[in-house]
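**Q** no sequence on this one, just coordinates:
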């Protein structure tokens, strides 16, 4: 019973670190996208209020998006692109999405390796299942 608990605690710790890493990358992507929206808005000679009206989104929310403080839904991104009269892809053009390898920094990989080498066969099997799940999750680009 205690061995299973230790495995679950290790897996939980690893998942928590991995999720935090993914959240950090997503926040960075949203910050870059917000800056790109602001640059395109200014290039078009629009104020936040004008773009908000054209895009049919709240001006305060648009301000938060531009400052990377809020994450827009895909529908909102599409509305903003329509308001700017640009393809949705232009909002991401300068925001290079992180490569899969960048999702897991060296610290997390080191922790995973040390966890893996110290475990029994059953524990290693459980960790491999978690890795497979994380691999599936990283296929979906933020």
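**A** All right, it came through fine. These numbers were taken from a predicted model, which means no experiment stands behind them.
**Q** Would you mind measuring from residue 54 to residue 113?
**A** From residue 54 across to residue 113, the span is 51 Å (C-beta to C-beta, to the nearest Å). Bear in mind the C-beta positions are built from the backbone N, C-alpha and C, glycine included.
**Q** no no, residue 41
**A** 45 Å.
**Q** Please apply the same query to residue 84.
**A** According to C-beta to C-beta, residue 84 and residue 113 sit 45 Å apart.
**Q** cool, residue 52 as well?
**A** Counting by C-beta to C-beta - residue 52 and residue 113 are separated by 48 Å.
**Q** more crowded one of the two?
**A** More neighbours surround residue 52 than the other of residue 52 and residue 113, with 21 against 10 (other C-beta atoms under 10 Å).
**Q** where are the low-confidence patches of this structure?
**A** Residues of the chain that meet the criterion pLDDT under 70 lie in 1-26, 94-112, 115-119, 137-142.
**Q** need the helices for it, in chain order.
**A** 2-43, 48-55, 59-66, 74-84, 106-117, 121-138 (DSSP state H).
**Q** and the last one, which residues are buried?
**A** Residues of helix 121-138 classed as buried under the neighbour-count rule (16 or more other C-beta atoms under 10 Å) are 123, 126, 127, 130, 134, 138.
**Q** ok, of those residues, which one's closest to residue 88?
**A** residue 138 (22.2 Å; C-beta to C-beta).
**Q** in stretch 74-93, what counts as buried?
**A** Buried residues in stretch 74-93 (16+ other C-beta under 10 Å): 76, 77, 79, 80, 81, 83, 84, 86, 91, 92.
**Q** okay but residue 82 is in contact with residue 55, surely?
**A** Yes: in this structure, residue 82 is within contact of residue 55 by C-beta atoms under 8 Å, at 6.5 Å.
**Q** Setting aside sequence neighbours, what's the nearest residue to residue 78?
**A** residue 88 (5.8 Å; C-beta to C-beta, 6 or more residues apart in numbering).
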